[in-house]
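Using only what follows, build the 3D model:
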Amino acid sequence: NDTALRKSFAPSWVPEPQYRGTWGILYSCLLTLLLCVYNAIHLNVPSQDEGLFSYRYYRRMAKWAFIALIAPEVVLVCAYFQW
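Predicted coordinates:
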């Protein structure tokens, strides 16, 4: 019905206590996306001085996860040229 669409407006923001709110939906989507990208990135083996549990390793992983979120084709091209 065309007239019903003109008169009813969807709320732009839904509060959390009554329903599944806007913030809850955004938070779960972003968290899922970040975890999937973080899991999909397979970086090279860290060097001896970098170590697996060092700040430099996680900073490098976060940098590549950010690049993969913004421009996934850059990660694909880098992987292609390393192969």
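
which helix is the longest one in this structure?
helix 22-40 (DSSP state H).

Alpha carbons of it, in CSV - could you do that?
The C-alpha trace of helix 22-40 is given here as CSV (Å, rounded to 0.1, in the frame of the first residue of the first chain):
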residue,chain,number,x,y,z
THR,A,22,20.6,-0.6,17.1
TRP,A,23,23.8,-0.6,19.1
GLY,A,24,23.5,-4.4,19.8
ILE,A,25,23.1,-5.1,16.1
LEU,A,26,26.0,-2.9,15.1
TYR,A,27,28.2,-4.3,17.8
SER,A,28,27.6,-7.9,16.9
CYS,A,29,28.0,-7.3,13.2
LEU,A,30,31.3,-5.4,13.7
LEU,A,31,32.6,-8.0,16.1
THR,A,32,31.8,-10.9,13.8
LEU,A,33,33.4,-9.1,10.8
LEU,A,34,36.6,-8.3,12.8
LEU,A,35,36.9,-11.9,14.1
CYS,A,36,36.4,-13.4,10.6
VAL,A,37,39.0,-11.1,9.0
TYR,A,38,41.4,-11.7,11.9
ASN,A,39,41.0,-15.5,11.4
ALA,A,40,41.3,-15.4,7.6
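
what comes up buried for that helix?
Val37 (16 or more other C-beta atoms under 10 Å). Using the backbone N, CA and C atoms, a C-beta is placed for each residue, glycine as well.

Kindly provide the whole-number mean pLDDT of that helix.
Throughout helix 22-40, pLDDT has a mean value of 88.

which helices and strands does it pack with?
Helix 22-40 is packed against helix 55-70, with contacts defined by 3 or more C-beta pairs under 8 Å, 6 or more residues apart in numbering; DSSP states H and E.

List the buried residues for the helix it packs on?
60, 64-65, 68.

if I look at the residue nearest to Ile41 when sequence neighbours are not counted, how far off is Phe9?
Spatially, and ignoring its direct neighbours in sequence, Ile41 is nearest to Trp64 (5.3 Å; C-beta to C-beta, 6 or more residues apart in numbering). According to C-beta to C-beta, to the nearest Å, Trp64 stands 41 Å off from Phe9.

again with Ala40
Per C-beta to C-beta, Ala40 is found 39 Å from Phe9.
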